[in-house]
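**Student:** have a look; sequence and predicted model below, questions after that.
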Amino acid sequence: MVNPFAGEVEVWLDGQPHVAKLTLGALAELETELGADSMIALVERFEGARFSSRDVIAVLIAGLRGGGWQGAADEFALAELKGGPVAAAHLAAQLLARAFRVEGA
């Protein structure tokens, strides 16, 4: 079971639940992967609905790795994600929102 107060999101791949969390290391990996000027710029892409499928995949993979998943990008590409592309976008947005949630807000 995931803890949303710890920034965790549940991602189902091939019928199995996985914990995803954007740790500091996962965020650094994500910045590099997407060539983002800053994490705020990436968050703004999602807030403005200007994100690409590449952005969504990168956020999910970084979050899964932050949650302890040992898979690779090619494995993720072949996996069945519960809910499909729409759920993927929502999960990526949740990960970003939870990673930057301010305590008490």
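**Tutor:** Noted; the coordinates are in hand.
**Student:** CA only for contacts and neighbour counts going forward, please
**Tutor:** OK.
**Student:** which residues touch stretch 27-47?
**Tutor:** With contacts defined as Cα atoms under 8 Å, 6 or more residues apart in numbering, stretch 27-47 is touched by 51, 55, 58-59, 62, 93, 96.
**Student:** ok, the residue nearest to Glu8 when sequence neighbours are not counted - contacts?
**Tutor:** Spatial nearest neighbour of Glu8, excluding adjacent residues (Cα to Cα, 6 or more residues apart in numbering): Lys21 at 4.7 Å. By Cα under 8 Å, 6+ apart, the residues touching Lys21 are 7-9, 62-67, 95, 99.
**Student:** looking at the contacts of stretch 27-47, which are in helices?
**Tutor:** 55, 58-59, 62, 93, 96 (DSSP state H).
**Student:** how far off centre is the helix or strand of the chain with the lowest mean pLDDT?
**Tutor:** Of the helices and strands making up the chain, the lowest-confidence element is helix 39-47, at a mean of 77, by mean pLDDT, DSSP states H and E. Distance of helix 39-47 from the chain centroid (Cα atoms, centre = their mean, to the nearest Å) equals 13 Å.
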